[in-house]
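In: using only what follows, build the 3D model:
(one chain, ligands or ions: 1)
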Amino acid sequence: MPFCPRCGWEYEEGVTVCEDCGSPLVDTPPPPPKPGEEVLPETVYVAHGLLRAEVVRSRLESEGIPAILQFDSGSHVFGLTVDGLGEVRVLVPAHLAEQARQMLAAAQEEAAEEPF
Ligand SMILES: [Zn+2]
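Out: Model prediction:
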């Protein structure tokens, strides 16, 4: 079955160009999404240093948003980031990313009002 790689429409055999967008049709259908496949997490915060990242994570988790930390430079070696100021990304499930960003933005506004 030919289908459009751009829009994903399936066409009758013999059709070679997408009626919708004009793309040449291809024969291989896109891989079907696996049931229960996890959506890739989204980065909602980049912290400098593990401590800050942990604070953000615990804040998110207190709101019921599960968060994971991902260390910079693809290194998962814990010791490399503990003492340094490497970047630590805070990731949450994609469907909770918007909620998490709003929460963190609100938290930052709160913090900005505090005198340093
Ligand atoms: Zn198309």
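
In: now the strands for the chain?
Out: Taking DSSP state E as the test, the strands found in the chain are 42-48, 68-71, 87-92.

In: need the winner for burial among those strands.
Out: strand 87-92 (a mean of 21; mean count of other C-beta atoms under 10 Å). For glycine as for every other residue, the C-beta is placed from the backbone atoms N, C-alpha and C.

In: counting by contacts, list what that one packs against.
Out: strand 42-48, helix 50-62, strand 68-71 (3 or more C-beta pairs under 8 Å, 6 or more residues apart in numbering; DSSP states H and E).

In: of all those, which lies closest to the ion?
Out: The ion sits nearest to strand 42-48 of all the helices and strands packed on strand 87-92, at 27.5 Å, using C-beta to the ion.

In: so how far is that closest one from its chain's centroid?
Out: Relative to its chain's centre, strand 42-48 lies at 10 Å (C-alpha atoms, centre = their mean, to the nearest Å).

In: now do stretch 43-62
Out: Chain-centre distance of stretch 43-62: 15 Å, with C-alpha atoms, centre = their mean.
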